[in-house]
Structures are given as C-alpha cells and as structure tokens.
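S.K.: Provided below are the primary sequence and the corresponding predicted coordinates.
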Amino acid sequence: MLPTSNCLPLVSVLICAYNTEEYIEEAVKAVLKQTYSNLEIIIVNDGSTDSTLDILTNLALQDSRIKIINNEYNKGFINSLNIGIQHTNSEYIARTDADDITDKHWIEKIMGQLLSNNDIIAMGSYVSILSESNSGKIGKHYKTGDVWKTPLTHHEIVEKMLFKNPIHNNTMIVQSKVFKEHNLRFDLGYKHAEDYKFWFEVSKFGKLANYPEVLAYYRLHELQTSSLYNIEQVNTAKKIRREIISHYLNDMKIPNSINEEISYKEVEEIIKKSKKILVKNKDLFSYIIYESYLSLKEYNFSGFISFLKYGYEFLSSKQTRRIIRKFIRPNKYEAPL
C-alpha cells in the first residue's frame, strides 16, 4: 500500500530521444497516464533532426510535468543519460525508452515494493514484445505478445548477471542515492552495453529485484541499438561478463585470469585453485563453473576429459547431463553470450 498522494516521494522519469518522431508521443503519453501521481518527466532530445523536438514541445505545453533538455547536437545515448540524471532532483529515478510503452501501473506497483523494502535499491519488471514487420536481427526470433521474464530476487539476478544482463532497463526504478552518494554514471567505455555494466555496479551497493508482471512493452524494430549494433553489443557484453566473473572469483579469494573467450583450461585452473582455499559461497561458485562450461570457446575431447576429471563434482546431475550434451552437440545449446 502506497502512502497518501501528499506523502509520495517524487519520481523522475528519464527518457532519451533521438529521431524518434514515430514513437515518442505514444511513449510520453503512456508515462503521463501513470497512476502514481508525484512524478516529473525529464526528456533529453539528443540533437534530433526530425520532428521529435516539435512533438515534445507541444506535449510540454499541455503538461507542466514535462521538462525538455535539448542537446544542440547529437552527443550520444550514454552522454544524454548522464545529462538527464544531472537534471533530476528526486528520491527515485525511473528509466524508459522513447520507443517503448509503459503500463499505467508501472511506477505505482514498483514504488509500492521499493517503499516497503528499504534494502532493495532498484527494481524492474517483465516486458512484453511489440514486434514490427521490419524488426531487425532480434525481432525475427520473437513475435508480439511474447513475454520476456527476468529473475526476481537479488540472488537470482546476481547469478544470471554473471553471463548476461537480466535487467530490462525500460522498466527500472532506482534510488537516486546511487548517483548522489555513490557517484555512479553510465560508462562511455561500454558503448551499446552500458546498462549491463551499470546494473552490475549498482548491485554492489544494494539489492536488485524484479516485479513478476509485465509493466512495459518493448518495441522491436530495425533502428534500435540491439539491431543496428548487435555484434558490438555482444562483444562489449563479453568484456563485462569477464569483469563480473573475475570480480566474484576475486571476492572468493580465487586468483584468475578470465579472458573474453573462456577455455576449458581456464576453468580447470579455477577449480584447482579453489581446492586450496575454503570457498564460502559454494552455490555461486558452482554456478560460475556450470555457466563457464556452457560458454566454452570450443568443445573438444580434451575439454571433455578435463570436465569429467575436475568439473562434474560441483554440479547437479541435471547440469552434468546438459554439459555432456553440449560437448556432444555444441551447436544445439547456445552459450549465454
């Protein structure tokens, strides 16, 4: 149950827009319809050359909650995010995208959870797919109405984060202390996967969670980042994955030198080193070993023998069977990234 409207903390909804004339009005109007009353909408127009700014200007004249920040030239998505953050003055910051649509209960439902669970620093939700006819590389694998679910608890999110980004950015609401006290920003060094890196850093300061309902509609089209820059996005995500695995292994006091492409010899060395110390978080370590074997650069006989000798003892029978099948038919079971 939320407090009365007079006591609700201010939520800043941040949207970055660049040449989104086809979608921006629908996206903004969906936010304006939120059942949560105390909000402002900060929209960074990143030097659009189409009618995006005109549409935003007209919307702002109709609703005083809309604030437009206009970049005179295109500064890029990451810079625009950080510019928008600087213009917020609220306790919570919500993110959505200029081509997506939010459910009217989005902020109300997530804020209800955040206000009653102080240890949760950020929360998102499931999304449903809106796939256009020209929906790019990713869109051909999904249809409108498909639901992308996410792990719900911090423990589950951290495990999945080792090998992919389990966060839907267009649904996230985060405590502003992440920016004010911890001085976090979206990192320019992780272009096209800046969100993955950002939420990993946030996870160090508090718990993450996801709401078990669809609260946003994610549009797939040929001009979105995941379609235009798919290869670059995957390569950057591999870099982040390596950093995350290394971070948790170091936290367990296990020396490592994880490369972007994981070899069975690297996994073998990690297991050998782990036996020399007392691993406190055995569940997390086992998950790292399991996902590492599912993400090997190549699958050969030597790697299979190494797995039988070193890896299987950390895994359940179900996990072991899956990895054996992966060695037999490596192309059938895709790696997480």
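M.R.: Sure, I can see it.

S.K.: show me how the record splits the protein into domains.
M.R.: Following automatic domain parsing, one finds the domains of the chain at 5-229, 252-328.

S.K.: residue ranges of the helices in the stretch 51-200 of the chain, please?
M.R.: For the stretch 51-200 of the chain, the helices defined by DSSP state H, counting those that start in this stretch cover 52-62, 77-86, 106-116, 136-139, 154-161, 177-180, 194-202.

S.K.: turn the ones you listed into TSV, columns for distance to residue 26 and mean pLDDT.
M.R.: (Glycine included, C-beta is placed from N, CA and C.) Formatted as TSV, the helices of the stretch 51-200 of the chain follow (distance: least, Cβ to Cβ, whole Å; pLDDT from 0 to 100):
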stretch	distance to residue 26	mean pLDDT
helix 52-62	10	96
helix 77-86	20	93
helix 106-116	15	96
helix 136-139	18	55
helix 154-161	30	89
helix 177-180	28	90
helix 194-202	22	92
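
S.K.: residue 217 is nearest to which of those helices?
M.R.: Residue 217 lies closest to helix 106-116 among those, at 10.3 Å (Cβ to Cβ).

S.K.: of the domains of the chain, which stretch is the most buried?
M.R.: domain 5-229 (a mean of 18; mean count of other Cβ atoms under 10 Å).

S.K.: dump the domains of the chain to TSV, plus distance to residue 235.
M.R.: Shown next, in TSV, are the domains of the chain (distance: least, Cβ to Cβ, whole Å):
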stretch	distance to residue 235
domain 5-229	9
domain 252-328	8
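
S.K.: that older thread, out of the helices of the stretch 51-200 of the chain, flag the one nearest residue 299.
M.R.: Residue 299 sits nearest to helix 154-161 of all these, at 22.6 Å, using Cβ to Cβ.

S.K.: list the helices and strands the closest one packs on?
M.R.: Using 3 or more Cβ pairs under 8 Å, 6 or more residues apart in numbering; DSSP states H and E, the elements in contact with helix 154-161 are helix 194-202, strand 207-220, helix 282-294.

S.K.: Throw those into CSV and include distance to residue 35, thanks.
M.R.: Output for the helices and strands packed on helix 154-161, formatted as CSV (distance: least, Cβ to Cβ, whole Å):
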stretch, distance to residue 35
helix 194-202, 26
strand 207-220, 12
helix 282-294, 38
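
S.K.: do you know which of the ones you listed lies nearest residue 273?
M.R.: Per Cβ to Cβ, nearest to residue 273 of the helices and strands packed on helix 154-161: helix 282-294, 11.1 Å.

S.K.: please state the offset of the closest one from the chain centre?
M.R.: With Cα atoms, centre = their mean, to the nearest Å as the basis, helix 282-294 stands 21 Å off its chain's centre.
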